[in-house]
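**Q** Provide a 3D model corresponding to the input given below.
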Amino acid sequence: MQQHLPSGTIPPHPSRPSRTGTFLGRSRTSTGLAAAAAATAGLLLTGLAPGAQAVAANPYERGPAPTNASIEASRGSYAVSQTSVSSLVASGFGGGTIYYPTSTADGTFGAVVISPGFTAYESSIAWLGPRLASQGFVVFTIDTNTTLDQPDSRGRQLLAALDHLTQRSSVRTRVDASRLGVMGHSMGGGGSLEAAKSRTSLKAAIPLTGWNTDKTWPELRTPTLVVGADGDSVAPVATHSKPFYTSLPGSLDKAYLELRGASHFTPNTSNTTIAKYSISWLKRFIDNDTRYEQFLCPLPQPSLTIAEYRGNCPHTA
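**A** Take a look at the predicted model:
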């Protein structure tokens, strides 16, 4: 197979009348006034801090409430910076580029590492770096040790890159090491399945037109979005993406997205459909952000850009 490059506070529970006294009872006047004041204070606190309860419920939410427009946009709400990792300092992978939200005001972020495919370089998947990072992730697009590395090797390299990102990189303090995911194109996509198999603590995996000689993945415990292309002649969906998806455990949060009018190399250039559903999947499972469930459940319907979509709803993670 050849690939040619081109800290909020929880508001107090509002006071309310008991069954034995009311705010209007003559013998309860002072108590009633105090209770009314407490209730008013609680309502004011709730009004002044509408996000406090949500933040307490999910401390990993990042960014404003999503819309179709926001997840289809070429950039999200975060300004993005980047830093290079030389192959000379990379251990177990070939170096790459880290994209990350410039501001630290929102605390740490979940992270994802992305591998290119067979014979390809980091540049082939670079567009995903700033696009995902601007939505509130630290994203590491990598080179592999050699362009001929097979999926199992690429899986190990994805994990090595995650370890570098969380333990040794210059942005490690910005990363929540408990919320990590992997992506990859072609053999890199096959590598993302290998990585998820090896490290079950991963929160999300997204193989993009993935290729692997291993077609069955019943051991995976990581929520997985399999992306295929209807016109893929290198890794045809019938022998790669569809078997990958159907072999995943039925109890696993999983989905299969087949791109319409697309080829094996569609993930190598900016693509709104790939970005939209990748962002939604990463947000839902790395950030546990249920605001993005609306884009995944009910299942998306076939359209000008989607040939087929399968999945299990509602999600359980």
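**Q** for the stretch 51-200 of the chain, what spans make up the strands?
**A** Taking DSSP state E, counting those that start in this stretch as the test, the strands found in the stretch 51-200 of the chain are 80-85, 96-101, 109-115, 138-142, 175-185.
**Q** ok, residues contacting the first one?
**A** This points to strand 80-85. Under the criterion CB atoms under 8 Å, 6 or more residues apart in numbering, residues 95-102, 129-130, 133-134, 140, 164, 169-171 lie in contact with strand 80-85. Every C-beta, even on glycine, is put in place using the N, C-alpha and C of the backbone.
**Q** one step back: now the strands of the stretch 51-200 of the chain as a markdown table including distance to residue 61?
**A** Below are these laid out as a markdown table (distance: least, CB to CB, whole Å):
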| stretch | distance to residue 61 |
| --- | --- |
| strand 80-85 | 19 |
| strand 96-101 | 14 |
| strand 109-115 | 11 |
| strand 138-142 | 16 |
| strand 175-185 | 12 |
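**Q** just send the ones you listed back as a markdown table, with mean pLDDT too.
**A** Formatted as a markdown table, these follow (pLDDT from 0 to 100):
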| stretch | mean pLDDT |
| --- | --- |
| strand 80-85 | 98 |
| strand 96-101 | 99 |
| strand 109-115 | 99 |
| strand 138-142 | 99 |
| strand 175-185 | 99 |
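**Q** hmm, back to that, just the buried ones from the contacts of strand 80-85?
**A** Buried members of the contacts of strand 80-85, scored by 16 or more other CB atoms under 10 Å, are 95-101, 129-130, 133-134, 140, 164, 169, 171.
**Q** would you mind giving both backbone torsions of residue 239?
**A** With angles defined as degrees, to the nearest 10, residue 239 sits at phi -110, psi 0.
**Q** just residue 206 next, same as before
**A** According to degrees, to the nearest 10, residue 206 has phi -140, psi 100.
**Q** before we move on, the earlier item: which one of the strands of the stretch 51-200 of the chain lies nearest to residue 215?
**A** strand 175-185 (16.5 Å; CB to CB).
**Q** export that closest one as CSV, just CAs?
**A** Taking Å, rounded to 0.1, in the frame of the first residue of the first chain, the C-alpha atoms of strand 175-185 are listed here in CSV:
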residue,chain,number,x,y,z
VAL,A,175,-2.4,18.3,30.0
ASP,A,176,-4.7,16.2,32.1
ALA,A,177,-3.0,12.8,31.9
SER,A,178,-6.1,11.0,32.9
ARG,A,179,-8.0,12.1,29.8
LEU,A,180,-6.2,10.9,26.6
GLY,A,181,-7.1,9.7,23.2
VAL,A,182,-5.5,8.5,19.9
MET,A,183,-6.2,9.0,16.2
GLY,A,184,-4.5,8.0,13.0
HIS,A,185,-4.8,7.7,9.3
